[in-house]
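Undergrad: Pasting a predicted model and its sequence here:
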Amino acid sequence: MINFICILVASYKTLKMASNTKYKFEWKDLGDIDLGRPNLGVNTNVLVYRLMQYTMRDVLEKHWGAEKTNDFFIEAGYKAGTEFCKNVLNCTLDFDGFVADLSDNLEKYGIGILRIEKADTESLSFVLTVSEDLDCSGLPYSGVAFCDYDEGFISGILNHYTKKDFKVKEIDCWGTGDRTCRFTVDMLTT
Ligand SMILES: [Zn+2]
């Protein structure tokens, strides 16, 4: 009987693990926050957001190494950017209108303050900055650009809007001693 129960428990755990690996994020998974937090509301403290992100990075790096962890953050950011574009932004606007809408929403959601420093709308090549960035503004110098999640996020947004692929690279960050995050954005031609 005990063996039977052990088998049942083991099967349940296997099933649970298997079902966990099938999880695929959807916007509705974010839930009805107004309903669920009638007193606390939609806002939280940036410290709490960063606490989750940097402890997550710590654990992922311990298990998978720094390079793989960066890839995970870029991939998660890309998914987030795609869903953010799909569910929050107005993709029917022309490019200037879209950038204005993006800028407004990045501020509205407390993600950062967007500025386009250089734009080549023919080749879809840009240099943009995000100041007061949610992920890194105020971080001490470490010599490392931390905003790989943002790289994926920007790439996901632009891919969903233009249906083209982009290479986004952070070249300045609070982590590298700068006071804004600066990204190069280049459309991939192959
Ligand atoms: Zn940064």
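TA: Thanks, I have the structure now. Residues are numbered from 1 along each chain as shown.

Undergrad: Give me the buried stretch members for the helix or strand residue 58 falls within, please.
TA: Residue 58 belongs to helix 46-64 when assigned by DSSP states H and E. By neighbour count, and taking 16 or more other C-beta atoms under 10 Å as the criterion, the buried residues in helix 46-64 are 53, 57, 60. C-beta coordinates here come from the backbone N, C-alpha and C atoms, glycine included.

Undergrad: Check stretch 149-163 too.
TA: Judged by neighbour count using 16+ other C-beta under 10 Å, the buried positions of stretch 149-163 are 149-161.

Undergrad: before we move on, what about stretch 22-42?
TA: Within stretch 22-42, no residue counts as buried by 16+ other C-beta under 10 Å.

Undergrad: average pLDDT across that stretch?
TA: Mean pLDDT, computed over stretch 22-42, is 93.

Undergrad: just stretch 95-114 next, same as before
TA: 97.

Undergrad: List the buried residues in that stretch.
TA: Neighbour count says stretch 95-114 has 98, 99, 101, 102, 103, 105, 106, 111, 112, 114 buried, by 16+ other C-beta under 10 Å.

Undergrad: And the furthest pair within those?
TA: When C-beta to C-beta is used, the two most widely separated members of the buried residues of stretch 95-114 are 98 and 112, lying 16.9 Å apart.

Undergrad: Point out the residues in the protein that sit beside the ion.
TA: Within the chain, the positions near the ion by C-beta under 5 Å from the ion are 136, 147, 173, 181.

Undergrad: residues contacting the third one?
TA: If you count contacts by C-beta atoms under 8 Å, 6 or more residues apart in numbering, residue 173 has them with 136, 139, 144, 145, 146, 147, 181, 182.

Undergrad: now those residues: which count as buried?
TA: Judged by neighbour count, with 16+ other C-beta under 10 Å as the criterion, the buried members of those are 136, 139, 145, 146, 147, 181, 182.

Undergrad: coming back round to it: let me know the closest of the buried residues of stretch 95-114 to the ion.
TA: Among the buried residues of stretch 95-114, residue 112 lies closest to the ion (C-beta to the ion), at 9.1 Å.

Undergrad: Skip the chain neighbours and tell me the closest residue to that closest one.
TA: When the adjacent residues along the chain are set aside, residue 112 lies closest to residue 130, with 3.8 Å between them (C-beta to C-beta, 6 or more residues apart in numbering).

Undergrad: pretty sure the one you found is touching residue 181, no?
TA: Yes. A contact is recorded between residue 130 and residue 181 when judged using C-beta atoms under 8 Å, the distance being 4.6 Å.
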